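Trainee: Let me see the structure of the following:
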Amino acid sequence: MPSSAVRDMSRWIAEHDPLPVVRWSDPLVETLGYDARSRYVETYWTPAMGPSAIALVRRLNDGLAVGPDGLLVPLGELGLAIGLGGSVHASSRLVLSLARIADFGFAVLDGQRYAIRSALPPLSRRQVARLPQSLAVAHDAELDDRHRGEQPPTADELEQAKALHPSSSAGRPSLSLCECIGRPS
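Mentor: Below is the predicted model of the structure:
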């Protein structure tokens, strides 16, 4: 049974079709994490979040790369495009997957918009421990290679990151998902 936060988010999403989507800017995660469309996210976050949630994270970030001021995403079309069906209601697979992204802390409500991270952090130790053994070994090797020689963030950088909120693009026009992927609306 989904938590009350997931149920509330699911209801909100289902009531906002087309879904207004904006980029959630977090410089710390963008510096230390991985682009939401990266191989790291596909390889290591998929077992943690599930393939539907990762497909949505990637698809929405693809759209935001083309329309950085925001998107108006027709939910039925989005669900059909990634194989979750065109049904849009609080307990549909699409809506629950979008709520799951928020439950993981990778999307928030920014006023009346769904703000999604453009980068995801590395997996936690607990999440790595839940990976299949071969993926856990590959993950640790990848992190070792990536962080060799890098300095951890300073206390000031961490404090600055904590003070940040989802970015606002108020007053700027939004593009539809169709416009962002080059198809007529």
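
Trainee: how about the strands in this structure?
Mentor: For the chain, applying DSSP state E gives strands covering 19-24, 34-35, 71-73, 107-110, 113-117, 119-120, 175-176.

Trainee: so where is this protein shaky, pLDDT-wise?
Mentor: For the chain, the stretches flagged by pLDDT under 70 are 1-2, 149-185.

Trainee: Touching, T46 and I54? I think so.
Mentor: Yes - using Cβ atoms under 8 Å, T46 is in contact with I54, at 4.8 Å. (Each C-beta comes from the backbone N, C-alpha and C, glycine too.)

Trainee: So for the two, which sits in the more crowded spot?
Mentor: Between T46 and I54, I54 has the larger neighbour count (other Cβ atoms under 10 Å), namely 24 against 16.

Trainee: Test my guess that the more buried one contacts P47.
Mentor: No - with contact defined as Cβ under 8 Å, I54 does not count as touching P47 (9.5 Å).

Trainee: Could you find the closest non-adjacent residue to P18?
Mentor: In this structure, P18 finds its nearest non-sequential neighbour in L72, 4.3 Å apart by Cβ to Cβ, 6 or more residues apart in numbering.

Trainee: I should have written D17 there, sorry.
Mentor: In space, D17 is closest to L75, 4.5 Å off (Cβ to Cβ, 6+ apart).
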